[in-house]
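A.B. asks: just coords:
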């Protein structure tokens, strides 16, 4: 069926929306093991519904480290989809809505408080404001939901039923790749000239150039292989142990800093390029309030809810309150398993080279 969101300019996606949520994609490991696909600078053409012209796998960038291109595309398409969904509910003045990703059992619930006089604005004025609000809500929900996916997989959730997902939970490339997707989506959704898939393809290429993507798959694989025995051990997917994790989801300073492989020959003097996490700050400027809650339904929910609430757990968490508590607990578990470098109290502060990406 024709999809209006894909037929016109990308900036109309927010208003037109899509016929359906993004297709399911599965990422990989940034480990040089059989079965993992590494990429050079040619990432193909983006496809919201169809993968035929995409190139997916693990790339390496001098300033962003390894990029899981699938995770990046998930962040892109879910940001676009949830931005359009948010706009639709804002224009209808719905009190809220819920959403979930197909690979997860957890469901997000959104409650919206509208400013006085919202009903009396002209259709044009409401649409202009709603688009601004949606462009904040979409990336915020997406990044929070994909971060929550990392939490549930850390505690044992398996969306495909195989014992391979724990090793991907907060692996060194995941959170940055997820965040990168939300940033690229917001840029593409303001493209007034190209269709959505084309706008995303162009935005990806611009961002990869800025981050200094290595031109060949061989170079990307070599960067990973150089860390074998230090960041990961094992030879096959079911026998791998990912020792290097990146728990930075922006809770301390509002930025996610990537993990760079040291001494990559093609990246002399490279410094990490940090990006800000999505926020809802702009909502208060227009008199809106938004409450976001996550209700887990995974088998692992009881353990996670007890971490957040103690002995009297509730059904839903507030990510803005409880995610920091949960992440602190996860880092302590990682410190016990992998070493004190993950201890949130004792971990040495590394210099951060922060950029807004402008």
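C.D. replies: Yep, that arrived. Not measured: the values here are computed from a predicted model. Numbers count the residues shown, from 1 in each chain.
A.B. asks: and the one helix or strand residue 145 maps to, what's buried?
C.D. replies: Taking DSSP states H and E as the criterion, the element that holds residue 145 is helix 123-154. In terms of neighbour count (16 or more other C-beta atoms under 10 Å), helix 123-154 has its buried residues at 126, 129-154. Glycine gets a C-beta too; all of them are placed from N, C-alpha and C.
A.B. asks: what's the following helix or strand past it packed up against?
C.D. replies: Downstream of helix 123-154, the first helix or strand assigned by DSSP H and E is helix 174-188. Other helices and strands packing on helix 174-188, by 3 or more C-beta pairs under 8 Å, 6 or more residues apart in numbering; DSSP states H and E, are strand 65-68, helix 69-91, helix 123-154, helix 196-211, strand 255-256, strand 275-276.
A.B. asks: what angle do the second one and helix 123-154 make?
C.D. replies: On the basis of axes from the mean of the first three to the mean of the last three C-alpha atoms, to 10 degrees, helix 69-91 is oriented at 140 degrees to helix 123-154.
A.B. asks: which other helices and strands contact helix 69-91?
C.D. replies: Using 3+ C-beta pairs under 8 Å, 6+ apart, helix 69-91 sits against helix 13-16, strand 96-99, strand 107-113, helix 123-154, helix 174-188, helix 196-211.
A.B. asks: chain center to it: distance?
C.D. replies: The chain centre lies 11 Å from the centre of helix 69-91; the measure is C-alpha atoms, centre = their mean, to the nearest Å.
A.B. asks: and the third one, by the same measure?
C.D. replies: The chain centroid and the centroid of helix 123-154 are separated by 11 Å under C-alpha atoms, centre = their mean.
A.B. asks: if you average pLDDT over it, what comes out?
C.D. replies: Mean per-residue pLDDT for helix 123-154: 97.
A.B. asks: and it, what does it pack onto?
C.D. replies: By 3+ C-beta pairs under 8 Å, 6+ apart, helix 123-154 packs against helix 13-16, helix 69-91, strand 107-113, helix 174-188, helix 281-285, strand 289-295, helix 319-338.
A.B. asks: looking at those, which is buried most?
C.D. replies: helix 174-188 (a mean of 26; mean count of other C-beta atoms under 10 Å).
A.B. asks: my read is that residue 324 contacts residue 251, right?
C.D. replies: Yes - if you go by C-beta atoms under 8 Å, residue 324 and residue 251 touch, sitting 5.0 Å apart.
A.B. asks: identify the contacts common to the two.
C.D. replies: Residues touching both residue 324 and residue 251 by C-beta atoms under 8 Å, 6 or more residues apart in numbering: none at all.
A.B. asks: before we move on, the earlier item: quick one: which of the helices and strands packed on helix 123-154 is nearest residue 29?
C.D. replies: Closest to residue 29 of the helices and strands packed on helix 123-154, according to C-beta to C-beta: helix 174-188, at 9.7 Å.
A.B. asks: return the helix or strand in this structure with minimum mean pLDDT.
C.D. replies: For the chain, the helix or strand with the lowest mean confidence is helix 4-7, at a mean of 84 (criterion: mean pLDDT, DSSP states H and E).
A.B. asks: ok now that one, how far from the chain's centre?
C.D. replies: 24 Å.
A.B. asks: try stretch 257-276
C.D. replies: With C-alpha atoms, centre = their mean as the basis, stretch 257-276 stands 19 Å off its chain's centre.
A.B. asks: neighbouring contacts of it?
C.D. replies: 60, 62-66, 172-173, 176, 179-180, 183, 210-212, 214, 219, 223-224, 226-227, 244, 246, 248, 250, 254-256, 352-357.
A.B. asks: ok, now stretch 298-315?
C.D. replies: 104-106, 151-152, 155-157, 295-296, 317, 322, 325-326, 329.
A.B. asks: for these, which one is nearest residue 195?
C.D. replies: For the contacts of stretch 298-315, with residue 195 as the reference and C-beta to C-beta as the criterion, the closest is residue 104, at 29.2 Å.
A.B. asks: surely that closest one and residue 150 touch.
C.D. replies: No - the criterion here is C-beta under 8 Å, and residue 104 misses it with residue 150 at 10.7 Å.
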